[in-house]
Every structure is written in C-alpha cells, then in structure tokens.
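Colleague: for reference, the sequence and a predicted model appear below.
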Amino acid sequence: MKKRSVIAIIVAVVVIVAVGACKKSRYCHCVSDNYTIVINADTVTRADTAVVNVDRGMKCDHINEMTFRTKDTGPVIYTVRKVKCNELDVDTVAVLP
C-alpha cells in the first residue's frame, strides 16, 4: 500500500514538471512613455510599442528601457525610451490589450 502512494506521488510530480516545462518562453507587450515630435509643422504625440519574446526566467516587469528605431524623414534614428511591459497570455488572448 505504501508503494502505491509513493508511486502516485512520483507520477504526479513528473506530470506537474512536464506541464510546466512546455511553456519555455513568454511574450511581453511593452509601451513607451508618450513623446511629441513635429512632422510637417504638425505636433504629434506618439508612444512606441513592441511585443518581445523573452526567456521563461525573465519577468516582463523588469524591462525598463528599450531602443526603438524610427525613420520619419532622413536617416534612421535609434532612441532609448522608458517602457512599461505586461505579460501577454498567448493561450487566451488573440489581440494586444
């Protein structure tokens, strides 16, 4: 009787570990702070957004800055912006929040 309970516990642990190992990465939806630019004499307020695939060990809340590449007119400009990131649940959410 004791062997059956030990085997049942071992099987349960193996199943739990296997299910947890299936999801190896996570997706973060990151949005930058608002900023204003002037395009053709018009003032435009923008916020950059990105969806990032990160390793399972990294948390979305720990992403504070990202580099965004923009090209309105002229050369490509790389800008570091402060961002706020939230984890996307890709199993149930089909669109960005």
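Modeller: Ah, there it is.

Colleague: tell me the secondary structure at the most centrally placed residue in the chain.
Modeller: For the chain, the residue nearest the mean C-alpha position is residue 28 (1.0 Å; CA atoms, centre = their mean). Assigned by DSSP: H, G, I helix; E, B strand; the rest coil, the conformation of residue 28 is strand.

Colleague: residues contacting it?
Modeller: Neighbouring residues of residue 28 by CB atoms under 8 Å, 6 or more residues apart in numbering: 51, 52, 54, 60, 63, 85, 86, 87, 88. Just so you know, the C-beta spots here come from the backbone N, C-alpha and C atoms, and that holds for glycine as well.

Colleague: can you pull the contacts of the closest residue to residue 76 other than its chain neighbours?
Modeller: Leaving aside its sequence neighbours, residue 76 sits nearest to residue 69 (CB to CB, 6 or more residues apart in numbering; 5.8 Å). Neighbouring residues of residue 69 by CB under 8 Å, 6+ apart: 76, 77, 78.

Colleague: what is the burial count for the closest residue in space to the second one that isn't next to it in sequence?
Modeller: If I follow you right, that is residue 77. Of all residues not flanking residue 77 in the chain, residue 70 sits nearest, at 5.3 Å (CB to CB, 6+ apart). Counted with other CB atoms under 10 Å, the neighbours of residue 70 add up to 11.
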